[in-house]
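Novice: Please work out how this folds:
(chains A, B, C and D)
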Number of protein chains: 4
Amino acid sequence: MCRWLAYSGTPVLLDTILYKPAHSLIDQSLHSRLGVETTNGDGFGVGWYAPHIDTPAIFRDTGPAWSNRNLREIADHIHSPLFFAHIRASTGTAVQQTNSHPFRHGRWMWMHNGAITDFHLIRRDLTLAVDPTLFAGIEGSTDSELMFFLALTLGLEEDPPGAVARMAGLVERTGREHGVDFPLQMTIAVTNGQGLWAFRYSSQKTSRSLYYSTRVQTLRALHPDMAFLREVSDETRLIVSEPLGDLPGAWNEVPESSYGIVQPGADQLLPFTPQPV
Amino acid sequence: MCRWLAYSGTPVLLDTILYKPAHSLIDQSLHSRLGVETTNGDGFGVGWYAPHIDTPAIFRDTGPAWSNRNLREIADHIHSPLFFAHIRASTGTAVQQTNSHPFRHGRWMWMHNGAITDFHLIRRDLTLAVDPTLFAGIEGSTDSELMFFLALTLGLEEDPPGAVARMAGLVERTGREHGVDFPLQMTIAVTNGQGLWAFRYSSQKTSRSLYYSTRVQTLRALHPDMAFLREVSDETRLIVSEPLGDLPGAWNEVPESSYGIVQPGADQLLPFTPQPV
Amino acid sequence: MCRWLAYSGTPVLLDTILYKPAHSLIDQSLHSRLGVETTNGDGFGVGWYAPHIDTPAIFRDTGPAWSNRNLREIADHIHSPLFFAHIRASTGTAVQQTNSHPFRHGRWMWMHNGAITDFHLIRRDLTLAVDPTLFAGIEGSTDSELMFFLALTLGLEEDPPGAVARMAGLVERTGREHGVDFPLQMTIAVTNGQGLWAFRYSSQKTSRSLYYSTRVQTLRALHPDMAFLREVSDETRLIVSEPLGDLPGAWNEVPESSYGIVQPGADQLLPFTPQPV
Amino acid sequence: MCRWLAYSGTPVLLDTILYKPAHSLIDQSLHSRLGVETTNGDGFGVGWYAPHIDTPAIFRDTGPAWSNRNLREIADHIHSPLFFAHIRASTGTAVQQTNSHPFRHGRWMWMHNGAITDFHLIRRDLTLAVDPTLFAGIEGSTDSELMFFLALTLGLEEDPPGAVARMAGLVERTGREHGVDFPLQMTIAVTNGQGLWAFRYSSQKTSRSLYYSTRVQTLRALHPDMAFLREVSDETRLIVSEPLGDLPGAWNEVPESSYGIVQPGADQLLPFTPQPV
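Specialist: Numbering: from 1, shown residues only, chains lettered A, B, ... in the order given. Take a look at the predicted model:
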């Protein structure tokens, strides 16, 4: 399993979110509190949008995040209004750059925590379901990347929530055809550089942890002394596998079987149900 | 493209073959003479059989062989009667451990130099042709590994030359269905720890270089002063992408469209023709 | 800080000691019980003696041991009568191959758990104390490697316990000259391929954990059913940072300020006191 | 030996300089024309200044530049008005991140091509000459990093040309004390984020190649059709180990024993002579 965070809002130095918080993602790489494993040291990645460039930059490596000097350099020197970061705990597939998240397709980024149960049993069938024109883009061997390619096949670029629901439906149907009772466990973040969608779902309704940050206006009223809150816009939002600290009122659990949309204007929190394909 | 060597015979320190020769494989990693590229620095691997263990050891890494200290240590301390070594020049797929040769399945090892032309066009169809029970073992993204899994699907463990001929036939037919005139370019070595088979073939009949060493008895007569030749058995044989030095009479080109068998007793050199599947 | 083990005795497959035990060193890389950190994922190394070769082989890498496939391959294929293994938790110096243990000089190997307090303050003075003819051999930036070079300077190859005592005395004197109250914290293993010496000491007398295995004859009487104990000689001994499992009677703490000698004939346990230089 | 480039001028995407030119630095990593080796695959680095941050970002890694995906990502997404890039061919010291250039100290960056002759003989004496307060900052084992620390010791931050001259004088004196006839071979670039100094010198007066780009105004007149020249300011300047292409009139050799200053206003080219220390 893994841990991740997604940031959208006022451009900040990546360091502000990745390293500075008391229980930052880097701290979680050694001492996760809510993850299946306390250590997430099997590769990591960060993806960010730079001004005037549609395609996000993806920096991924294979060792632990906590000791990676290049990640530290990037965090200390790059500002971005929208970025993903992910730390990996492999469930068996190889530790290699192409298995580190986030994954990219054109202007889209995707990251995942969870697993397809008995993936080895259904990997072939799911692979065959990928659009032949997309097939050559698969580079790694994870369930996570394959879920991305299935979502792309099923319309991610036109209808993200619908495509993720169809992907989940396909995984569940295929798994059950192979005798797997609870085929899917997932929290997912996906973005095109403008909207950001985050999903929490599992076949058994025991999904991995996922939290979103409270509206900035509300937080400012609660914590008038916090400088950071005065520097970021009302539109700023974080989605995280686990809270980055213990600030009272700051973090809210995403309910089971739901998804959130972070977008210009009011954000939304909606129920999520896999769709038959 | 790549360079490789296969050794079978009297157990020797790997260093004797990998580093010591004037134009050793390590030298070829920087200064290949007959390869498509002079530099082969995109990963490497060595696989060897140890006494009383059926499954070969596979040591693979992602950087260049020439600067790898662990390879140097292994070569300085391990003896083996049968080993493969490979240096990679990527034709585009990721530089990662799971894309380095040799590949292994049970007691079998496989390595390849060459390419499937327009692999991105036919990768999906070839992937679907892999036996579903083998499918989950595919870890990397190279044409070379996929060729291994196709050969396994088509009977490699029972009939190596036949299975490789059927694999080549399948690749050629699939390529031509996608409008590729000359789909295949390959030199391949494969072993089960006892026999060793080496193939040279390309659809266009312009195959990558491949050589085999002269019979040790003959070489001893030619070079009575060479201590190394007195220390190895008559059964000792090397197959190499390019000669390891300039010893007169030592190296013989494997003819176009042929394959060799290194085995207890007389070795063989036979014609190779892809077979329809 | 770090964790390590040293094995001396009947030649065994490295896997038997590195991976098989319930609380193996590989398990300790993720879940150390007695270490300063639970995670030891900042590089690792294994050094072993091969038949008829004086100089040990050293395989070291930079990522975590738990996910390293090459370590798994080596452990599955190499037998040795004397080997060291080490997993590192960096206290700040770079994660790089030359900072991974064990370190080697000719036929000697050295590994360390602990730290020189305020190393940055006294690194220069200690560096100057290294024999000029040895100086060029320093490749990394750790206190551990420097301690090895100081011990070599102070006679390690002639008198291991004396040289380590003088090294400890030099570190303590130099530290105190710079105002450091408790300059040294160490458990050390050193071998020349025949004898094996293991030290436990700290200036504050709160040394890191260190254990030695009970005599094989005694263990066989306690556990007559354990096949492993019947396969190894009476001379077989393990020294470990923490016990590899919960076998009753198997593990004994090395007392504070002492060192052990594993050698042909009776092993010894003796008091250790730093010596003035 | 190595190859490097330094860019100062209108902020550009790093890709424009690192990958786009016909004989780019990335091309030189495989096919250097003027270097001692054609292959420079033993690590690489890029250092750049970001807006409003004094300290440059340093991204360094250990494999070849030509296959590094993270370098490609950085080059595609980061603009900078002042950056260094370096590709390494090791002359024997370890291939590790801390041996890759550029090196950094506060706001200063340094990179080097060349070598100190018989470095192992004089490394200790030169190490002792480093200011004790700087000593703990040495992380790697190269002559290049040590030359940087000596220059810092000898006043780099106040007087770059003087400090480099004193460093060169110290290296030459120390080398000759150890019987080395021609101790120094160097091209060096150093910057504080505002000025940029580039040196070409060797004891034997056979220095490695170094070139500077022609003034932009002149180039525009020669090549009125080149869009790139219309997009960059008159102040834009490149210093390179070898020309990035064959554009007539674009490249000028830095004379033996000289150095250049790239700065606001007119740049300068001056003679360089080592100074006694």
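Novice: Strands of the stretch 151-277 of chain A, start to end?
Specialist: With DSSP state E, counting those that start in this stretch as the criterion, the stretch 151-277 of chain A has strands at A:184-191, A:196-202, A:211-213, A:237-240, A:251-253, A:258-262, A:268-271.
Novice: Could you see whether chain C lies near the longest strand seen in chain A?
Specialist: Taking DSSP state E as the criterion, chain A has its longest strand at strand A:2-13. No: if you take Cβ under 8 Å from any Cβ of the partner chain as the test, strand A:2-13 misses chain C, and the best it gets is 13.9 Å. Quick note: C-beta positions are derived from backbone N, CA and C, even for glycine.
Novice: Show me what that strand pairs with in its sheet, parallel or antiparallel.
Specialist: Paired with strand A:2-13 in the same sheet, following DSSP bridges, are strand A:79-88 (antiparallel), strand A:237-240 (antiparallel).
Novice: What residues of that strand count as buried?
Specialist: Within strand A:2-13, the residues that count as buried by 16 or more other Cβ atoms under 10 Å in any protein chain shown are A:2-9, A:11-13.
Novice: thinking again about what came up before, got the strands paired with strand A:2-13 as JSON lines, with mean pLDDT and mean neighbour count columns?
Specialist: Shown next, in JSON lines, are those (pLDDT from 0 to 100; neighbours: other Cβ atoms under 10 Å in any protein chain shown):
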{"stretch": "strand A:79-88", "mean pLDDT": "97", "mean neighbour count": "25"}
{"stretch": "strand A:237-240", "mean pLDDT": "96", "mean neighbour count": "24"}
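Novice: Relative to residue D:243, which of these is closest?
Specialist: Shortest distance between residue D:243 and the strands paired with strand A:2-13, using Cβ to Cβ, is found for strand A:79-88: 34.6 Å.
Novice: Report the separation between the closest residue to residue A:41 other than its chain neighbours and residue A:142.
Specialist: Among residues not flanking residue A:41 along the chain, residue A:64 sits closest, at 3.7 Å (Cβ to Cβ, 6 or more residues apart in numbering or on different chains). Using Cβ to Cβ, to the nearest Å, we find residue A:64 at a distance of 18 Å from residue A:142.
Novice: next one: residue A:18
Specialist: Distance from residue A:18 to residue A:142, by Cβ to Cβ: 22 Å.
Novice: neighbour count winner among these two?
Specialist: The neighbour comparison of residue A:18 against residue A:142 (other Cβ atoms under 10 Å in any protein chain shown) goes to residue A:142, with 27 against 24.
Novice: residues touching the more buried one, list them.
Specialist: If you count contacts by Cβ atoms under 8 Å, 6 or more residues apart in numbering or on different chains, residue A:142 has them with A:93, A:99.
Novice: so who does residue A:42 touch?
Specialist: Contacts of residue A:42 (Cβ under 8 Å, 6+ apart): A:62, A:64, A:88-90, A:95, C:64, C:67.
Novice: For those, pick the one with the most neighbours.
Specialist: residue A:88 (30 neighbours).
Novice: Could you give the bridge partners of it?
Specialist: Residue A:88 has these beta-bridge partners by DSSP bridges: residue A:2.
Novice: from what I can see it touches residue A:98, true?
Specialist: No: with contact defined as Cβ atoms under 8 Å, residue A:88 and residue A:98 do not form a contacting pair (11.9 Å).
Novice: Could you give me the buried positions within stretch A:63-81?
Specialist: By neighbour count with 16+ other Cβ under 10 Å, stretch A:63-81 contains the buried residues A:63-68, A:70-81.
Novice: no no, stretch A:147-156
Specialist: Per 16+ other Cβ under 10 Å, stretch A:147-156 contains these buried residues: A:147-154, A:156.
Novice: From the contact counts, what lies against the longest helix along chain A?
Specialist: Counting residues, the longest helix in chain A under DSSP state H turns out to be helix A:160-177. If you count contacts as 3 or more Cβ pairs under 8 Å, 6 or more residues apart in numbering or on different chains; DSSP states H and E, helix A:160-177 packs onto helix A:119-128, helix A:143-153, strand A:184-191, strand A:196-202, strand A:258-262.
Novice: As TSV, the ones you listed with mean pLDDT would be great.
Specialist: Formatted as TSV, the helices and strands packed on helix A:160-177 follow (pLDDT from 0 to 100):
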stretch	mean pLDDT
helix A:119-128	95
helix A:143-153	98
strand A:184-191	98
strand A:196-202	98
strand A:258-262	97
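Novice: Between the ones you listed, which one is closest to chain B.
Specialist: Closest of those to chain B is helix A:119-128, at 3.9 Å (criterion: Cβ to the nearest Cβ).
Novice: contact partners of that closest one?
Specialist: Helix A:119-128 has contacts (Cβ under 8 Å, 6+ apart) with A:116, A:138, A:143, A:146, A:150, A:170-171, A:174-175, A:177-178, A:180, A:183, B:127-128, B:130, B:132, B:135-136.
Novice: Does anything pack onto the lowest-mean-pLDDT helix or strand in chain A? Which helices or strands?
Specialist: Using mean pLDDT, DSSP states H and E, helix A:227-231 stands out as the lowest-scoring helix or strand of chain A, at a mean of 89. Secondary-structure packing of helix A:227-231 (3+ Cβ pairs under 8 Å, 6+ apart): helix A:216-222.
Novice: What residues of the helix it packs on count as buried?
Specialist: Under 16+ other Cβ under 10 Å, the buried positions of helix A:216-222 are A:216, A:219-220.
Novice: Which residues does it contact?
Specialist: Residues from elsewhere that reach helix A:216-222 (Cβ under 8 Å, 6+ apart): A:9, A:213-214, A:226, A:229-230, A:232-236, A:247-250.
Novice: let's see it at 6 Å
Specialist: For helix A:216-222, contacts defined as Cβ atoms under 6 Å, 6 or more residues apart in numbering or on different chains pick out A:229, A:234, A:236, A:249.
Novice: For ChimeraX, write the selection for the buried entries among those.
Specialist: Selection of buried members from the contacts of helix A:216-222 for ChimeraX, criterion 16+ other Cβ under 10 Å:
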select /A:229,236
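Novice: List just the nearest of the contacts of helix A:216-222 to chain B.
Specialist: Set against chain B, the nearest of the contacts of helix A:216-222 by Cβ to the nearest Cβ is residue A:236 (35.2 Å).
Novice: The residue nearest to the closest one when sequence neighbours are not counted and chain B, how far apart?
Specialist: Of all residues not flanking residue A:236 in the chain, residue A:9 sits nearest, at 2.6 Å (Cβ to Cβ, 6+ apart). Applying Cβ to the nearest Cβ, to the nearest Å, one obtains 33 Å for the distance of residue A:9 from chain B.
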